[in-house]
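Q: quick one, structure for this:
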Amino acid sequence: MPSELTLTVNGAKQVVSAAPETPLIFVLRNELKLSGPRLGCGMAQCGSCSVLLDGEEIRTCITPVSYAVGKQVTTIEGLRAVWAIEKKLSAAEAAKTLHPVQQAWIDEQVPQCGYCQSGMMIAAVELLARNPNPTIAQIKDTFTNKPPSPHLCRCGTYAAIIDAVQRAARAMKA
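A: Predicted coordinates:
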C-alpha cells in the first residue's frame with residue numbers, strides 16, 4: 001500500500017506516495033524526476049544508482065524509500081548546492097559554480113557513454129569528504145573494494161576517473 005512519506009532530497013522537503021519497500025531509485029526518478037541516479041543492474045553491483053544518504057554512498061536500487069525518511073538524500077543534481085553551502089557562496093556564485101568533482105569530471109573529459117558517471121562522482125565526493133588527499137591506491141580501493149561492490153564502467157574510464165579525483169582534491173584545497 002502506498003504511504004505518504006516525507007523525504008529531504010537535495011535540501012528540499014518532498015512528500016511522495018510510495019509503498020515503504022519501494023526502491024529509492026524509483027521514487028527519485030519517477031516521482032521526483034531526477035535523472036542523475038540511474039538504474040543499472042538493480043542488484044547493487046554496478047553503482048550507477050548511487051546517491052549520498054547523510055553523506056554516505058548508498059545504492060538506491062536496493063534501498064527502500066522508507067530507509068531515507070528523516071535523512072538527507074543528495075543526488076548528483078544536489079552536489080552544486082552542497083559545495084555552495086560548504087564554501088558559503090553567494091546565490092550568484094553558486095549558480096555558476098559546479099562541485100569540484102563535477103568540474104574535474106568535465107576538465108578530465110571522463111565520460112564516454114556517461115551512464116555510470118553520476119554514481120562515480122557520488123563515490124568520489126564521499127571519498128574526498130573523508131580523505132581530502134587520497135593516494136592512487138585509496139582512490140582505486142574506493143571504486144573497487146568498498147562494499148557492496150565495485151563501481152563498474154563498461155567504457156573503461158578508470159584512469160580518467162583517478163585523474164579527476166586527484167584534480168578535484170587539489171581544487172577543494174584551493
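
Q: domains in the chain, by residue range?
A: Domain assignment for the chain, taken from automatic domain parsing, gives 3-76, 88-173.

Q: need the ones you listed in TSV (columns: mean pLDDT and mean neighbour count).
A: Every C-beta, even on glycine, is put in place using the N, C-alpha and C of the backbone. As requested, the domains of the chain are arranged in TSV below (pLDDT from 0 to 100; neighbours: other Cβ atoms under 10 Å):
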stretch	mean pLDDT	mean neighbour count
domain 3-76	97	18
domain 88-173	95	17
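
Q: possible to save those as a markdown table with distance to Val82?
A: Shown next, in a markdown table, are the domains of the chain (distance: least, Cβ to Cβ, whole Å):
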| stretch | distance to Val82 |
| --- | --- |
| domain 3-76 | 6 |
| domain 88-173 | 6 |
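
Q: against Ala160, how distant is the residue nearest the centre of the chain?
A: Closest residue to the average C-alpha location of the chain: Ile122 at 2.7 Å, with Cα atoms, centre = their mean. As judged by Cβ to Cβ, to the nearest Å, Ile122 and Ala160 stand 17 Å apart.

Q: what sits up against stretch 20-34?
A: The contact list for stretch 20-34, computed with Cβ atoms under 8 Å, 6 or more residues apart in numbering, reads 3, 5, 7, 9-10, 14, 16-18, 35, 37, 39, 49, 51, 58, 60-68, 73, 75, 77.

Q: now it - C-alpha only, PDB.
A: Once non-C-alpha atoms are left out, stretch 20-34 reads as follows in PDB (Å, rounded to 0.1, in the frame of the first residue of the first chain):
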ATOM      1  CA  PRO A  20       7.700   1.900   2.100                       C
ATOM      2  CA  GLU A  21       9.600  -1.000   0.500                       C
ATOM      3  CA  THR A  22       9.800   0.700  -2.900                       C
ATOM      4  CA  PRO A  23      13.400   1.000  -4.000                       C
ATOM      5  CA  LEU A  24      14.500   4.600  -3.600                       C
ATOM      6  CA  ILE A  25      15.700   4.700  -7.200                       C
ATOM      7  CA  PHE A  26      12.100   4.600  -8.500                       C
ATOM      8  CA  VAL A  27      11.000   7.400  -6.200                       C
ATOM      9  CA  LEU A  28      13.900   9.600  -7.200                       C
ATOM     10  CA  ARG A  29      13.500   9.000 -10.900                       C
ATOM     11  CA  ASN A  30       9.700   8.500 -11.400                       C
ATOM     12  CA  GLU A  31       8.200  10.700  -8.600                       C
ATOM     13  CA  LEU A  32      10.800  13.400  -8.200                       C
ATOM     14  CA  LYS A  33      12.000  13.300 -11.900                       C
ATOM     15  CA  LEU A  34      15.700  13.300 -11.000                       C
END
